[in-house]
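Chemist: Coordinates for the following, if possible.
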Amino acid sequence: MLADAVASAVLRRYASLPKHGKPQPGEYTLLAGFAVTDDAVPDAPPRVVALGTGTKCLPASSRCPRGEALSDSHAEVIARRAFVRFLYDELERATSDDGDGETKRDATDANASIVEWVATTTTTTTPTPFRLRGGVRVHLYATQSPCGDASIFELAADGETPKERFPGPTALLRAENAKGRAANKRAKTSSGGSGSGAGSGSGLFFLGATGAKVFESCQSLSVQGSQGSREALRVDAERGVAGQRLGACRLKPGRGAQTDCMSCSDKIARWVALGVQGALPSSLISRSSRDHLESSHVTGTDVETYGAVRLASVVVASPSSSEYEDEDCENNDFGRSTRRAVLDALRRALVDRVGFCVPTRDAPGVFVAHPAPPELSSSAGQARGWVASGTSLNWYWRENRESAPVRKKNGDGGEASGAEVTLGGTGRKAGFPKKARGSRKAQSRLCRASLAARYAEVMACVRARLLRETNRRSAIEGRRDAAKNDENETKFSYETLKRFRAGAYAERDAAFRAPPSPFARWSAKDPEVGRTFEVTAPSGSF
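Modeler: Next comes the predicted model:
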């Protein structure tokens, strides 16, 4: 089964990495990873291209104004940032040619680039130089249901999953304004709730709840934080598992200072709607040849004018609990009912909620795989009295290059290690004393500033190839007006660069968050915090 194959591939890749950054005895973490499959090589196992671990995030008041620290170190977010870094490498790889303008790569090679160069020039009809290679499919795996809506799953008293479905955007917004929710004990992010939050006579057995907090709004009262005056976040702690609202937009869980990071369920839903590539890479990727133009009732135009890198599937590990200790756990009634409950929650959080803007053909499949090792599950770890690890680990696949430093190689043509370890409490690389944490060397390769700089490097490679192709055509046509690289570069603020380069993505994002969308309460980040740093990038259209 594909889901188990993806899960096993990610777990094997994680096991192959050094121990540095992994949980110590008495600690647990969560793991997420991206794997790709290729229809051109159907018998090849899933290839893991990025993974990440972590359970922490920074308070809203601790966001780095220069984009040099990771605000969200949850496993799914770290893995996705590592995937973006991998994607930039793939885009740069696709700009190479063999001197005749052709990029010669065997599509049947299991390690072939997932993107291909398609532009010989940039025009109004070909605004972006790359596209995702046909037949490439991207899969996401996590060792636990993402925090937020996907972690709220329940069983009826008879062991069957409830029949209620996602009520829809308008009904959800009305429900969010309703009062009178139960005031039992605080819901915690765990599976195996043993019905502790079920209301009297509810007939429901609550198997899982989330500690992620429903985001209501920003209070008008200004408070003083480390970044100056800002709006205070107002959330609903939802005391009582039975009172948790299905389909609601939430902030990350936590018992300390409030974060403004959205829950992983909400972020993954956004990736489903807009693509996992993010804003800046969307300016480089065109729609693949298999995509067809169709009308969208959300934007009134094409579904998208850029090539979204869509998730083909989302796979999560089945919850582990005391009932799962026997070898036949997958086949007993409780195990089967649990898997159905988890699948229903995944489908509601990641598919049903984005149905208003994602065609059925683009929705990912959702699957449940076998339980993860206890050190990679918060529920299993907490049941054993363990504590969350304070470190995060990220890794992504890189093609071997002759100019790269000599490293131990693995069997699939990629570097065996190359993992980076960061601290969830600081958002910076581990191993630096407090005085050196603000240095450039302490920046993670996944932070906003590093990814923006990588984008500028890829754009320079694109300009170089376009220049080579222009001069090659001039030589063939006998013209002597060879183009020169004028090296025109401009310093943009990060926010301006995104608006300038990724306008189509921004329009889709605005539609995704417009009422009556269930994501209309998405936490808007302060544009002055972490978005005003400068990025030097080529000016013009390339």
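Chemist: Which of the helices or strands spans Pro23?
Modeler: Assigned by DSSP states H and E, Pro23 falls within no helix or strand.
Chemist: Pass me the low-pLDDT residue ranges in the stretch 151-300 of the chain, would you?
Modeler: Applying pLDDT under 70 to the stretch 151-300 of the chain flags the ranges 154-208, 216-243, 288-300.
Chemist: same thing but 90
Modeler: In the predicted model, the stretch 151-300 of the chain carries pLDDT under 90 at residues 152-249, 253-260, 286-300.
Chemist: helices and strands of the chain: which one bottoms out on pLDDT?
Modeler: Within the chain, judged by mean pLDDT, DSSP states H and E, the helix or strand with the poorest mean is strand 190-191; its value is a mean of 41.
Chemist: List the contacts of Arg428.
Modeler: Arg428 makes contact with 68-70, 422, 437, 442-444, 447, according to C-beta atoms under 8 Å, 6 or more residues apart in numbering. In short, each C-beta sits where N, CA and C put it, glycine included.
Chemist: By neighbours, which of those residues wins?
Modeler: Most neighbours among the contacts of Arg428, by other C-beta atoms under 10 Å: Thr422, with 31 neighbours.
Chemist: any idea where the helices of the stretch 51-200 of the chain begin and end?
Modeler: If DSSP state H, counting those that start in this stretch is used as the criterion, the helices of the stretch 51-200 of the chain fall at 75-94, 169-176.
Chemist: cool, the chain as well?
Modeler: Here the chain has its helices, by DSSP state H, at 2-16, 75-94, 169-176, 264-274, 279-282, 333-350, 378-383, 448-476, 494-501, 503-512.
Chemist: Flag whichever of the ones you listed has the least confidence on average.
Modeler: Here the helices of the chain differ in mean pLDDT, and the lowest is helix 169-176 at a mean of 45.
Chemist: Quick check, Ala430 in contact with Ala436.
Modeler: No - Ala430 lies out of contact with Ala436 (C-beta atoms under 8 Å); the separation is 11.9 Å.
Chemist: more crowded one of those two?
Modeler: Comparing Ala430 with Ala436 by other C-beta under 10 Å, the one with more neighbours is Ala430, at 17 against 12.
Chemist: Next, count neighbours for Gly54.
Modeler: Neighbour count of Gly54, defined by other C-beta under 10 Å: 29.
Chemist: what residues are up against it?
Modeler: Taking C-beta under 8 Å, 6+ apart, we find Gly54 in contact with 29-30, 73-75, 77-78, 389, 391-393, 422, 424.
Chemist: buried stuff in stretch 440-456?
Modeler: Buried residues in stretch 440-456, defined by neighbour count with 16 or more other C-beta atoms under 10 Å: 442-452, 454-456.
Chemist: what does the domain assignment say about this protein?
Modeler: 2-147+262-451, 149-251 (automatic domain parsing).
Chemist: start to end distance for the shortest one?
Modeler: In domain 149-251, first residue to last residue: 10 Å (C-alpha to C-alpha, to the nearest Å).
Chemist: Just give me the least confident of the contacts of Arg428.
Modeler: Within those, the minimum per-residue pLDDT falls on Arg437 (82).
Chemist: Name the nearest residue to it, sequence neighbours excluded.
Modeler: Excluding the flanking residues, the one nearest Arg437 by C-beta to C-beta, 6 or more residues apart in numbering is Arg428, at 5.3 Å.
Chemist: What does the pLDDT read for the one you found?
Modeler: For Arg428, the model assigns a pLDDT of 95.
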